[in-house]
Structures are given as structure tokens and as C-alpha cells.
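Sequence below, structure please.
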Amino acid sequence: MRKVILRDHYKVPPFNEYARDLRILNKVLWLYQRDVMARHCDTEVVLDDEDDLKALWTNEELLVYRDSLFFNSMLLDEFVRRARASGKPCQIAFNKDDKAITTHSLHLQDSITLVGEHYRGELYYYPQGYVPSEQLEALVIDTEPLEMGYYHVPEYLVPSGAFVYQVPLKAFIPIENWIHILLANTLFGALGRARRLLKDSNKLSVKLKILLRAIIERKRLLSSSALVKVGRGCSIDPTAIIQGPTVIGNNVKIEAGALIVSSIIGSNVNIMQGAQMVLSVVSDGCYIPFRAALYGTSLMENSMVAQNTILQGSVIGRNTFIGGGSVFTDYNLMGNPIRTMHRGILQEVGMAACGGAVGHDCRIGAGFVVYPGRTIESGTILPYEGDHAVIDRDIHYHDVPQHTTDRYHQQVTREEDAANGWSWPPPKPAEGLHDESYTPPVTDIKELNRATPAEEPNGSAGTTQTAPPPLGEAESHSAPLPAGQAGRGSESRSTDPPPTPPDGRGGQTPPPLGEAGRGSEALTDQEARSSK
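Presented below is the predicted three-dimensional model:
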């Protein structure tokens, strides 16, 4: 069976990167999807949009999905098995009373839509090539959610007295917001492993395996090797407490007094004395110092937090540093719903407790307190200042004068995107720069036949300028601009798409007003690279 990957052109803030390139469960999303589908598909092709799918004339068996989707193997296995058994074109669907979908997956997204009596997602099966959407049948999947609470709190914080989550056995969520990365890593990932363990523990063979391992190793049940998987070359202090289900990668160092509960630890990670991690995902190359605390938090690769830092329900991008004593709060004391930006609009996150997000390549000073739902954009340097130690608004790239890099804020046209190998057949390559991508190359492209003339395609793929998503209204999520940057900041928030210049540069965005020096340098670099 051939898998067809539909490209998502939306960049997820505050990372300003496509969802496929973000880390989920310590894997880049496109790699995670490829591993999950390996048992079902032997070839693949990447298409720019649905129009290319309509023009894909083939009688092959196709499995089509959007490259921003997160789903686990249990959901995909059931979908493929039942779709093949039906022999009809199918689209994944969920009941309106599926609590995992309605409670967690529907917030802050636009791809799961209500059609008739079911919610439908962007996962399709075609037994003999593409057919119109009107001929697709809804294949309803039960995610089998289980209500799970981790700890009790006073009822004046939560009416039920407990933070309760609907943890599915079969996970499905589109990655369109940083909240979805948090859910995929913690709720559907780390806690989802515990959900699957609870189901398997009803089997006598599983119970006996865990019990025998604990007796032989003289450990508690949750600390036995049946539930705690440790890689090669690890150094773990005997006083460290590790409870499963937990996965630890290779060459990990865990010092005395560390506490790790139901978490995923990547390779080459250092965890110092007294550090605590619960329901968290720490990717490769991260450093967790002494007395740092992570609860329901996701760290992407090569990130570091300093001592006495508290991260609760937060997402930290790659190559980012969080200074000592910083606190990411996760509860609104006024009792109002926590909201965050989604496509320029403040929307509720759908959770009683939720932290914040920091993008890639950020440097955050010591002593900051971050309000729930706030974000800090990629490339930001935020030094500590006594009268600005509380972050109660979103921090955008143009709101601060110092930056580590601007690579996450360069405008990329669809023509440049297609030249990177994503659309089929690709339009004429445009001059200039484009974002680097970790995406694998398209395979078996020569075997595909398209029912169009051989001339250059004439459509939006090569002519439309893709504008960045609007950052929205100021309402408590938009940071004030420093003195001397009002012009540049106001232009960066403009909702109008940047004009396409008539100089034939393939849609290259001109520099904003007030930045002629930097813009001219960028054009000089572009021309220099083009001449090569």
C-alpha cells in the first residue's frame, strides 16, 4: 500500500515551524508517522494539497493523511484493518460523545470537523485510487477513553476536587497549536502509556511477568525492569527513584535523589541531584540541573533549564535555555478559563491547568514568572529586568531588541516550498532562500502518472504569497513594544499579506519599513547565493 502525505502549510507558533518538524515523544513528527505506518505502507509520495491528490491517477491502494496529524499505532492498525475489510473508500470519524475527542482534541484546531453525526479527521483510505469526498464513508473509531486523575486539590481550585483527564487508548490529534504538542507528549504519550498498561494488566501473563521481575530484582513493582526500560551506557545513582512506565535512552546520567515518574527520557541527558520529572518528555541532549522540577512538560532536543526552575504543563523548544528560579505557572487565580492565541484569536485551551510555551533558540534570564497560556517566540533573548520579571503577555520576536537567530521568521513562498521537493510535480524552482526541512525525499515519483499536459503548472502553488498567521489582538497576550521600535512592531502585527514584488524574485518579501539596512543585507546575501 502507498501512503500519500498531504502537506500542511501552517507554521505552529511560537516555534514558527511546520508541525512535521516538531518533536513528539522524542521523535520528529514525520519520523514518528513513518515508524507507525511502516507495517502498512512500503512506498510514499508527498503532495502539496488536495488538488494534486485529485490529479493522481492510479488504481493503487492509498492511505492518505495530513502531515500535521499525531496518532498512535493502535488507532492506525484498527483503521487500516476495518477499512480493508470494508473494501470501500473511508475517512476516519469519531462519535460526538467520544470524550477524548470532545474534551481535548477539538480545542484550538480547524481540521476535525463535524459532518452529520460524526467528527471527521484527515485520515483516508482509498482501495483503488482517489474518489470524490462525497463517496467517502465514515469509519467510526472508538478511542476508548479512560478518566484518569493524578492528584486531588481543594474544590475551590477545581469543582470536582481533582484534575481529571480523558486518556484515550487510541490517540488522534492534529498538531496546530503548542497545546497539541503538550497533549500529544504528556496526556496521549506519557500518560497514554500508563493507560495501555492498565488495560494489559488485566491479563494474568502480564501480572506474573511484572511480579517475577520485581522479585528477582528485589525492587518495587513500578521500579522493576518490566516497567522501566533503560538504554545502554547509563549511570543511575542507587538513591534515584524511577517509577514506570518510563523509558530512558542511552548514555543517560541520573544523580542522587532524582525522581522520575511515568516519563520519557531521551539519550545523552544529564539529570542532576534532586531533580524531579513527572509525566514529562525530555528529548535528546537536554540538561536538568539540581532541584529543577518538571510536571507534564515537554523539552525538545538540546534544551537546558537552570537550578530551582519549575515548569508545569509547558513546552520548551530546541536549543533553548531557561534561567534559574524561573516559574511557569499553570493556574488562573481569578477562576477564569486559561486562553492562548490560535490563528490570531484568543481561545480557551480546554484545561483547568496549563503552563506556557517557549520557542526554539531562546535565552530566558533567571527569575521570570510566566502566566498560564503565554508564549515566547523563537529566537528571543530575554534578559532579567527587575520591573519586567513577570511575563503576563505573549513575547514576539519583534518585541525585544536582542535575538539569537532570524531563521524562524523568514517568509517562504509556496513556490520556494515546492522547490524543496514537497509538491508534485514541483513548479519551476524560485530564486532565493527557503527554510531547511528534515522531511524525507519523495519516493517512487517516476511511477506516478498525472492527467495534465506536460507544461508548467499554473496555479497558486507557484504564485501565491503565504502570509504568516496574524498575531491577533493585544488583549493581555500582546507584549508592549520597547521605545524606538513602535514602527517595526506595529508592522509585524499587520494582518495584510505582504505584497509580491514585481522584480521576479519568486515572491520574496521586502524588508519592513525602518529596517532598510537589514533588508538590504538579506537581499545581498540572497543575490550572492543565487549567483553561486
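
I'd like to know how far residue 180 sits from residue 350.
11 Å (CB to CB, to the nearest Å). To be clear about C-beta, it is placed using only N, CA and C from the backbone, and glycine gets the same treatment.

any shared contact partners between those two?
Common neighbours of residue 180 and residue 350 (criterion: CB atoms under 8 Å, 6 or more residues apart in numbering): residue 108.

Same drill for those two, tell me which one is more crowded.
Under the neighbour definition other CB atoms under 10 Å, residue 180 and residue 350 were set side by side, and residue 180 has more, 25 against 17.

Where does that one fall, secondary structure wise?
Using DSSP states H and E, residue 180 maps to helix 178-182.

Quick one: mean pLDDT over that helix.
Per-residue pLDDT values over helix 178-182 give a mean of 97.

packing partners for it?
In terms of contacts (3 or more CB pairs under 8 Å, 6 or more residues apart in numbering; DSSP states H and E), helix 178-182 is packed against strand 315-316, strand 357-358.

so which of the ones you listed gets nearest residue 31?
strand 315-316 (18.5 Å; CB to CB).

which residue packs closest to the residue nearest to the spatial centre of the chain, ignoring adjacent ones?
Centroid-nearest residue in the chain, with CA atoms, centre = their mean: residue 181, separated by 3.8 Å. Residue nearest to residue 181 in three dimensions, not counting chain neighbours: residue 315, with 5.1 Å by CB to CB, 6 or more residues apart in numbering.

With just CA atoms, put the helix holding residue 180 into CSV.
What follows is helix 178-182, C-alpha atoms only, in CSV (Å, rounded to 0.1, in the frame of the first residue of the first chain):
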residue,chain,number,x,y,z
TRP,A,178,1.5,24.4,21.0
ILE,A,179,-1.2,23.0,23.3
HIS,A,180,-1.5,20.0,21.0
ILE,A,181,2.2,19.3,21.4
LEU,A,182,1.7,19.3,25.2
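
which residues touch it?
If you take CB under 8 Å, 6+ apart as the criterion, helix 178-182 is touched by 12-15, 22, 24, 70, 107-109, 173-175, 296, 298, 313-315, 340, 349-351, 354-355, 357, 375.

what's the answer for stretch 29-41, then?
Residues contacting stretch 29-41 (CB under 8 Å, 6+ apart): 1-3, 5, 19-25, 27, 44, 63, 65, 67-73, 76-77, 80, 175, 438-440.

Weed out the non-buried ones from those residues.
1-3, 5, 19-25, 27, 44, 63, 65, 67-72, 76, 80, 175, 439 (16 or more other CB atoms under 10 Å).

Pass me the low-pLDDT residue ranges in the stretch 301-450 of the chain, would you?
Filtered on pLDDT under 70, the stretch 301-450 of the chain yields the residue ranges 386, 410-450.

any chance you could map the helices in it?
414-419 (DSSP state H, counting those that start in this stretch).

Which residue ranges of it form strands?
304-305, 310-312, 315-316, 321-322, 327-328, 339-342, 345-348, 357-358, 363-364, 369-370, 375-376, 381-382, 390-391, 449-450 (DSSP state E, counting those that start in this stretch).

Keep only those of the contacts of stretch 29-41 that are in helices.
In helices, defined here by DSSP state H, the members of the contacts of stretch 29-41 are 73, 76, 77, 80.

Give me the next element, helix or strand, following the longest strand seen in the chain.
In the chain, with assignment by DSSP state E, the single longest strand is strand 118-126. Later in the chain than strand 118-126, the nearest helix or strand by DSSP H and E is strand 137-140.

and that next one, what does it pack onto?
With contacts taken as 3+ CB pairs under 8 Å, 6+ apart, strand 137-140 sits against helix 73-86, strand 90-95, strand 118-126.

Other residues contacting the last one?
By CB under 8 Å, 6+ apart, the residues outside strand 118-126 that reach it are 6, 61-66, 69, 71, 79-80, 83-84, 89-96, 98, 101, 106, 111-114, 136, 138-140, 172, 174.

What is the burial count for the closest residue to residue 406 other than its chain neighbours?
What sits nearest to residue 406 in space, not counting adjacent residues and going by CB to CB, 6+ apart, is residue 379, at 6.2 Å. Neighbour count of residue 379, defined by other CB under 10 Å: 23.

any idea how far the longest strand of the chain is from the chain center?
Relative to its parent chain, strand 118-126 has a centroid offset of 20 Å by CA atoms, centre = their mean, to the nearest Å.

Show me the protein divided up by domain.
2-192, 226-399 (automatic domain parsing).

So for the shortest one, first residue to last residue, what's the gap.
Read that as domain 226-399. Start to finish, the residues bounding domain 226-399 are 49 Å apart (CA to CA, to the nearest Å).

swap in the longest one?
Using CA to CA, the end-to-end distance of domain 2-192 comes out at 29 Å.

Repeat that for stretch 259-266.
16 Å.

now stretch 3-23
21 Å.

Please apply the same query to stretch 105-116.
Start-to-end span of stretch 105-116 (CA to CA) is 18 Å.

Residue 177 is in contact with residue 184, correct?
No - in this structure, residue 184 is not within contact of residue 177 by CB atoms under 8 Å, at 11.0 Å.

who's more crowded, the two?
Between residue 184 and residue 177, counted using other CB under 10 Å, residue 184 has the larger neighbour count: 27 against 24.

Any buried residues in whichever helix or strand residue 210 is part of, and which?
Secondary structure assigned from DSSP H and E places residue 210 in helix 204-217. With burial defined by 16+ other CB under 10 Å, the residues of helix 204-217 counted as buried are 210, 213, 214.

related to what we said a few turns ago, generate a markdown table for the strands of the stretch 301-450 of the chain, with mean neighbour count and distance to residue 225 as supplementary columns.
Supplementary listing: the strands of the stretch 301-450 of the chain in a markdown table, determined by neighbours: other CB atoms under 10 Å; distance: least, CB to CB, whole Å:
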| stretch | mean neighbour count | distance to residue 225 |
| --- | --- | --- |
| strand 304-305 | 23 | 29 |
| strand 310-312 | 23 | 28 |
| strand 315-316 | 28 | 30 |
| strand 321-322 | 22 | 32 |
| strand 327-328 | 22 | 33 |
| strand 339-342 | 22 | 40 |
| strand 345-348 | 16 | 42 |
| strand 357-358 | 31 | 35 |
| strand 363-364 | 22 | 37 |
| strand 369-370 | 20 | 38 |
| strand 375-376 | 26 | 39 |
| strand 381-382 | 17 | 42 |
| strand 390-391 | 16 | 42 |
| strand 449-450 | 12 | 53 |
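
Which one, of those strands, ends up nearest to residue 147?
strand 345-348 (20.4 Å).

gap between the closest one and the chain center?
18 Å.

That strand pairs with which strands?
strand 339-342 (antiparallel) (DSSP bridges).
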